[in-house]
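Student: this is a predicted model, with the sequence first.
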2 protein chains.
Amino acid sequence: MTGIRRLAQHLDISIGTVSRALNGRPDVNEETRKRVLEAAAELGYVPNQSGRSLRQGTTNIIGFMMQTGAEITGQGDTFFMSVFDGVQTVFARHRLDLVALLCSSQEDPDDYLRRVVARGFADGLILSATQRHDPRLEFLAKRKIPFATLGRSLTDVGQPWLDLDFEGMAQTAIDRLVERGHQRIAVTRPHDDVNLGYIFVDQAASALEAHGLFLDPDLIFRSTPNEAGGYRIARELLSKKDRPTAILLVNESIAIGFYRGLSEAGLKPGRDIAVIGRHSPQTHFLSPSLTGFELSRRDLGIALAEALLATMPAFSHFYPNAELRKIWHEELIEGESDAFLLPHG
Amino acid sequence: MTGIRRLAQHLDISIGTVSRALNGRPDVNEETRKRVLEAAAELGYVPNQSGRSLRQGTTNIIGFMMQTGAEITGQGDTFFMSVFDGVQTVFARHRLDLVALLCSSQEDPDDYLRRVVARGFADGLILSATQRHDPRLEFLAKRKIPFATLGRSLTDVGQPWLDLDFEGMAQTAIDRLVERGHQRIAVTRPHDDVNLGYIFVDQAASALEAHGLFLDPDLIFRSTPNEAGGYRIARELLSKKDRPTAILLVNESIAIGFYRGLSEAGLKPGRDIAVIGRHSPQTHFLSPSLTGFELSRRDLGIALAEALLATMPAFSHFYPNAELRKIWHEELIEGESDAFLLPHG
């Protein structure tokens, strides 16, 4: 294996510069870095990560832990890929690579994370799908591993987090529907113990109370956060004797299945039931158009990456003003799916 | 840091067993593995990957390289997440972890792969989005890094591959449409140099020729493989003077946007234009229902993982009969989108 000295001779530049280039340090210009990596590959110099990690404790890799599995496929994807795009924009400035750590739904997330950490191949981590109570946070904090979460949790170890404004979405949607005369309003929540479900339902309930209404427990529909889940909610809702006149959908992917379920029964959003959801790349193509909340997933990814780096000693000086905790506002895009007005009760 | 000896004492099992458990060897039972990993975490034993990798040359990680970026988001996701599910089913048998290596569209895939290899943190790789000519294959072969590809390429270094049956899809769809009286048939292809575009268009052309027809170059629509791309194809198609009566959509995600583009112009698939596409979790909720090709992405993932492991010395004995190269058949699911018949010309 070619050593670093030989590589430096070949390139006719200093060992220090070669080393900095190989280690992805930001103070080497792009041109030089490329030359060094190319020569390294050509000459068979493999700057073994193992050696590097032992010497320096850095791998230049950040892992993003996400859940996979048959029952959640559909959700994970459209949302996260755009977030990754933003995260990578930030990481690229520092020659950090993003890898997605795919925790199968067959596996316990806590065990999985333990193994990831034991293998020690990432300098930092981003966790998603934060649970109401989430032992992963304490696990990482105890080991002083830099991490940020996409999502809040009742478990709080002081880590940076970004989360979507589920309170704001519930409040805005309820106010809007009540304004239009609705009183029997249904909501959805994910099937599992992910924290956002609690926030969303709690806020919907208190927003209704403020209008002198209440959230009927019979109108809280649980489902997997994918198309099939939305379809099942529609079927379930249609089977109720005392149907709601409106519904809030908390997950992006369920709108498509929900529309389909209504359509099979001859019902139309905005005519037979008011629907407010959240937009994904797909939902923009629904007809009638969906009234739903939208955000720039890319910008969210950028902010999330900056919040993480702001807490890592090697990068914190680049981000003195990063917001370490932020509730991310989503904007309501008016469509036709909640078009009709009911006579005020 | 607690040593392996101390860990073995604490657990009262042999050092060999502890070592095998820590190294994810398949000959340790699940119960024992769990106990060892839990104790390791408790006692602060971190079986540093660096040390392990130097000693053994294994990381127990397989990387799946995929492209990310604003212009492809929508595609990557729904397809790959289900494939991952299958891949992980196989890897779990051997305590291998799957990580997704996310190559930003801002970056040259060849450079990216070079860096992945230089960092040496995976025992094997799976590449997707194989290009017509793909230098990545030669790069990995030269370095004797085990890998498999999802997709073929004119570059062939003897690696295992699985690919979808684009020939079969083009042939079946063209035969079906011609049978129903169509003569002006449009096709789509991806915007970039990915190999499947060539296979699909070539086969559509020769299938048409066999019927005494020809593929009008003006009816080959290029687009990004996502919803927005499908929408643009619809707009472009509608602007043509001599419109096709039928179209084959090569990418899964474009159907949703294509439907929307038609709908805005008051046109309906299956009534005004015959559409044959490929199914994704989302397209099953389209109305009118899509006539399209479907496969089990999970089974594809299983076969892909087995093909890779069959070529890795540590695992090949588990898969003596794995198919190392396979064209994966997709089944046509009849919907309403190509319902109408044209009078035979």
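Tutor: Nice, I can see it. Note that the coordinates shown come from a computational prediction; the quantities given were computed from them, not determined experimentally. Numbers count the residues shown, from 1 in each chain, chains lettered A, B, ... in the order given.
Student: domains in chain A, by residue range?
Tutor: Domain assignment for chain A, taken from automatic domain parsing, gives A:4-47, A:61-159+A:296-327, A:166-294.
Student: now the first one: mean pLDDT?
Tutor: Taken as a whole, domain A:4-47 carries a mean pLDDT of 75.
Student: next: the second one.
Tutor: When the per-residue pLDDT values of domain A:61-159+A:296-327 are averaged, the result is 89.
Student: how far is that domain from where the chain is centred?
Tutor: Centroid separation for domain A:61-159+A:296-327 versus its chain: 9 Å, with C-alpha atoms, centre = their mean, to the nearest Å.
Student: and it, end to end?
Tutor: One end of domain A:61-159+A:296-327 sits 26 Å from the other (C-alpha to C-alpha, to the nearest Å).
Student: does chain B have contacts with that domain?
Tutor: Yes. Residues of domain A:61-159+A:296-327 contacting chain B under C-beta under 8 Å from any C-beta of the partner chain: A:61, A:63, A:68-70, A:73-74, A:76-78, A:80-82, A:84-85, A:88-89, A:92, A:97-102, A:104, A:106-107, A:111, A:114-121, A:139, A:298. In this view, the C-beta of every residue, glycine as well, is placed from N, C-alpha and C.
Student: picking up where we left off before, dump the domains of chain A to TSV, plus mean neighbour count.
Tutor: As requested, these are exported to TSV (neighbours: other C-beta atoms under 10 Å in any protein chain shown):
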stretch	mean neighbour count
domain A:4-47	16
domain A:61-159+A:296-327	20
domain A:166-294	21
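Student: what would those look like in CSV with distance to residue B:168?
Tutor: Listed next are these as CSV, based on distance: least, C-beta to C-beta, whole Å:
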stretch, distance to residue B:168
domain A:4-47, 38
domain A:61-159+A:296-327, 25
domain A:166-294, 26
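Student: which among those is found nearest to residue B:221?
Tutor: domain A:166-294 (17.4 Å; C-beta to C-beta).
Student: now do that closest one: distance from first to last residue.
Tutor: Counting by C-alpha to C-alpha, you get 12 Å between the two ends of domain A:166-294.
Student: what about that domain, near chain B?
Tutor: Yes. Counting by C-beta under 8 Å from any C-beta, chain B has neighbours in domain A:166-294: A:226-228, A:231, A:256-257, A:259-260, A:263, A:281-282, A:284-285, A:287.
Student: now stretch A:252-261, how far from the centre of its chain.
Tutor: The chain centre lies 20 Å from the centre of stretch A:252-261; the measure is C-alpha atoms, centre = their mean.
Student: rewinding a little: out of the domains of chain A, which is closest to residue B:214?
Tutor: Nearest to residue B:214, of all the domains of chain A, is domain A:166-294, at 32.3 Å by C-beta to C-beta.
Student: the residues of domain A:166-294 next to chain B in helices, which ones?
Tutor: Among the residues of domain A:166-294 next to chain B, the members found in helices (DSSP state H) are A:227, A:228, A:231, A:256, A:257, A:259, A:260, A:263.
Student: which of the residues you listed sit farthest apart?
Tutor: It's A:228 and A:263 that sit farthest apart of these, by C-beta to C-beta, at 15.3 Å.
Student: could you pull out the strands for the stretch 201-345 of chain A?
Tutor: Per DSSP state E, counting those that start in this stretch, the stretch 201-345 of chain A carries strands over the ranges A:220-223, A:246-248, A:274-278, A:291-294, A:325-328, A:331-333.
Student: and those as TSV, adding distance to residue A:8?
Tutor: Below are these laid out as TSV (distance: least, C-beta to C-beta, whole Å):
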stretch	distance to residue A:8
strand A:220-223	59
strand A:246-248	62
strand A:274-278	53
strand A:291-294	51
strand A:325-328	44
strand A:331-333	53
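Student: what about the ones you listed, which gets the closest to residue A:27?
Tutor: strand A:325-328 (29.6 Å).
Student: before we move on, the earlier item: list just the nearest of the residues of domain A:166-294 next to chain B to residue B:248.
Tutor: residue A:285 (19.5 Å).
Student: once you drop chain neighbours, what's closest to the closest one?
Tutor: Among residues not flanking residue A:285 along the chain, residue B:260 sits closest, at 3.9 Å (C-beta to C-beta, 6 or more residues apart in numbering or on different chains).
Student: what's the one you found in contact with, if anything?
Tutor: By C-beta atoms under 8 Å, 6 or more residues apart in numbering or on different chains, residue B:260 lies in contact with A:284, A:285, A:287, B:227, B:230, B:231, B:234.
Student: also residue A:306?
Tutor: Each residue near residue A:306 by C-beta under 8 Å, 6+ apart is listed here: A:90, A:319, A:322.
Student: how about the backbone phi and psi for residue A:282?
Tutor: Backbone geometry at residue A:282, expressed as degrees, to the nearest 10, gives phi -80, psi -40.
Student: typo on my end, residue A:187
Tutor: When read as degrees, to the nearest 10, the backbone of residue A:187 gives phi -130, psi 160.
Student: how close does it sit to chain B?
Tutor: Distance check for residue A:187 against chain B: by C-beta to the nearest C-beta, to the nearest Å, it reads 21 Å.
Student: what is the burial count for residue A:341?
Tutor: Neighbour count of residue A:341, defined by other C-beta atoms under 10 Å in any protein chain shown: 11.
Student: residues touching the closest residue to it other than its chain neighbours, list them.
Tutor: What sits nearest to residue A:341 in space, not counting adjacent residues and going by C-beta to C-beta, 6+ apart, is residue A:180, at 5.0 Å. Residue A:180 makes contact with A:274, A:338, A:340, A:341, A:342, according to C-beta under 8 Å, 6+ apart.
Student: for the residues you listed, which one is nearest residue B:149?
Tutor: residue A:338 (46.7 Å).
Student: the residue lying closest to the closest one once chain neighbours are set aside and residue B:156, how far apart?
Tutor: Distances taken as C-beta to C-beta, 6+ apart place residue A:274 nearest to residue A:338, at 3.9 Å, with adjacent residues excluded. Counting by C-beta to C-beta, to the nearest Å, the separation of residue A:274 from residue B:156 is 57 Å.
Student: what's the helix or strand for residue A:91?
Tutor: Here residue A:91 sits within helix A:75-93, counting by DSSP states H and E.
Student: how big is the angle separating that helix from helix B:75-93?
Tutor: For helix A:75-93 against helix B:75-93, the angle by axes from the mean of the first three to the mean of the last three C-alpha atoms, to 10 degrees is 100 degrees.
Student: which secondary structure elements does helix A:75-93 contact?
Tutor: Under the contact definition 3 or more C-beta pairs under 8 Å, 6 or more residues apart in numbering or on different chains; DSSP states H and E, helix A:75-93 sits against strand A:61-68, strand A:97-104, helix A:297-309, strand B:61-68, helix B:75-93, strand B:97-104.
Student: any idea which of these gets closest to residue B:33?
Tutor: Nearest to residue B:33 among the helices and strands packed on helix A:75-93 is helix B:75-93 (11.7 Å), distances taken as C-beta to C-beta.
Student: stretch A:27-34 and chain B, any residue contact?
Tutor: Yes. Counting by C-beta under 8 Å from any C-beta, contacts between stretch A:27-34 and chain B involve residue A:34.
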